[in-house]
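Q: coords below, sequence missing:
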Ligand code: FAD
Ligand code: UDP
């Protein structure tokens, strides 16, 4: 170990790994530390029974940016996986995202015109001019039947609150299509890194020192003495010892099982959209890599209330938490030798491509 580095990088997730890669390329010395016992942060995958298991939930890489697609392809080859989840509502199966296959199954309509008429008919009774709640937004978008069967239960389980209390923006990004196209994403580039995300991150940080099982905040003064500048990708409120209060998250529990069958559900992702099934979805990992292994591994995903000490997953970007974050951001701006980045450092729901773009942008600003 050197006595002093140009950068100490706190967090071996995508943000930290991309920043470290760029810093090394620019001739800087870096030390990466992570409190977990592995690299990769939430995109970490682990090989079990020859299957890449997504330990922190399903991760599908997709982007509309050619530049980001070319960037990640330096570190891994991607397969042709296309996300097409199935919704299971009390045993009835529907295609997602909402498209002609969904409308055909729901109402027996065959043409886009028939589907549009059906939605129009359904929303006539409940149309709201400027939808503010998720419920209003959903009914405006796809009508009451789809809202009741495919949105309400899933969303209330996911967020632990009734849809009429949730902000509309949560489902604004869900595509609605009048074509028979089950691709969940609109982005032109999509896939899963062959060999897993962990191998991809390993390649990003090749030749850079990493120390795992190491909590920066447990001995901050010591770690600060190791470098001129810090890249901090942990929770911003924890960095400031929760001075203004605790930022809220939604957490997840994962229940993973190895099954003695080669194919459990025939698809990588099946969402359970009724309110009664306690989990939101079941992931069958082998289908992400179009796998043919003799056995299979599934994970049931439960959305749970978060409290301090639990794993933070989804930031709750409501008004109260956004204001609290702004207060922390002001404190962060007064510490110019620290770069706060990533989904915890910026308290932001970032997809992988966006977090990579943000790290590249910051590295470019700092290193040139
Ligand atoms: P993280 O991966 O969380 O990395 C932060 C690291 O910092 C962690 O390893 C943590 O242990 C470490 N750390 C924190 N505090 C300390 C400390 N005090 N000391 C030392 N280390 C510390 N995006 C997509 O594009 N497609 C998807 O399909 C997708 N699916 C998702 C599914 C789920 C369930 C979730 C929660 C997210 C999903 N995402 C997806 C988003 C994706 O996970 C993020 O974009 C990405 O992981 C963010 O990387 P990061 O480096 O900012 O954070
Ligand atoms: N959603 C839904 N039914 C589904 C899938 C998604 O109602 O079967 C809604 C739900 O409100 C969810 C939002 O769409 O919070 C975004 O879902 P997505 O799967 O895009 O997000 P993820 O949770 O995987 O990041």
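A: Thanks, I have it. Given the structure is predicted, the values throughout are model-derived calculations rather than measurements. Numbering: from 1, shown residues only. Ligands and ions are numbered 1, 2, ... in the order given.
Q: residues from this structure in reach of ligand 1?
A: 10-16, 33-36, 41-43, 57-61, 215-217, 233-234, 252, 313, 342-344, 350-353, 355 (CB under 6 Å from any ligand atom). C-beta here means a position set from N, CA and C on the backbone, and glycine is covered the same way.
Q: filter these down to just the ones in strands.
A: When DSSP state E is applied, the residues of the chain next to ligand 1 are split such that 10, 33, 61, 252 fall in strands.
Q: so for residue 128, what's the pLDDT?
A: Residue 128 is assigned a pLDDT of 82 by the prediction.
Q: Provide a list of residues in contact with it.
A: Counting by CB atoms under 8 Å, 6 or more residues apart in numbering, residue 128 makes contact with 136, 139, 140.
Q: name the helix or strand for the last one, please.
A: Taking DSSP states H and E as the criterion, residue 140 maps to helix 134-142.
Q: about what we covered before: ok, of the residues of the chain next to ligand 1, which come out buried?
A: When the residues of the chain next to ligand 1 are checked for burial by 16 or more other CB atoms under 10 Å, the buried set is 10-16, 33-34, 36, 41-43, 58-61, 216, 233-234, 252, 313, 342-344, 350-353, 355.
Q: mind listing what's buried along stretch 21-35?
A: Quick answer for stretch 21-35 (16+ other CB under 10 Å): 21, 22, 23, 24, 28, 30, 31, 32, 33, 34.
Q: check stretch 146-160 too.
A: Quick answer for stretch 146-160 (16+ other CB under 10 Å): 146-147, 149-159.
Q: can you pull the buried residues of the helix or strand residue 330 falls within?
A: Assigned by DSSP H and E, residue 330 falls within helix 319-333. Residues of helix 319-333 classed as buried: 321, 324, 325, 328, 332 (neighbour count, 16+ other CB under 10 Å).
Q: what about that helix, distance to the chain center?
A: Here helix 319-333 shows a centroid-to-chain-centroid distance of 22 Å under the convention CA atoms, centre = their mean, to the nearest Å.
Q: give me the contacts around the next helix or strand after that helix.
A: Where DSSP H and E defines the elements, the next helix or strand beyond helix 319-333 is strand 338-340. Contact with strand 338-340 is made by 19, 229-233, 236, 239, 329, 332, 346, 362, 366, as judged by CB under 8 Å, 6+ apart.
Q: and stretch 61-73, which residues are buried?
A: Under 16+ other CB under 10 Å, the buried positions of stretch 61-73 are 61, 62, 63, 68, 69, 71, 72.
Q: which of those sit farthest apart?
A: 62 and 71 (14.1 Å; CB to CB).
Q: now do the helices in the protein.
A: 14-25, 66-72, 100-107, 112-124, 134-142, 144-146, 152-159, 197-204, 220-224, 236-239, 319-333, 342-345, 352-367 (DSSP state H).
Q: tell me what angle the fifth one forms with helix 152-159.
A: For helix 134-142 and helix 152-159, the angle between their directions (axes from the mean of the first three to the mean of the last three CA atoms, to 10 degrees) works out to 140 degrees.
Q: what does helix 134-142 rub up against?
A: 98, 119, 122-123, 126-128, 131, 146-147, 151-152, 155, 162-164, 166-168, 170-172, 176.
Q: what's the angle from it to helix 112-124?
A: 150 degrees.
Q: is helix 134-142 up against ligand 2 anywhere?
A: No: Helix 134-142 stays clear of ligand 2 (CB under 6 Å from any ligand atom), getting no nearer than 6.6 Å.
Q: which one is residue 332 nearest to, not counting chain neighbours?
A: Leaving out its chain neighbours, the residue that sits closest to residue 332 by CB to CB, 6 or more residues apart in numbering is residue 340, at 4.8 Å.
Q: quick one: is stretch 43-51 near ligand 2?
A: No: Stretch 43-51 is not in contact with ligand 2 by CB under 6 Å from any ligand atom; minimum separation 13.4 Å.
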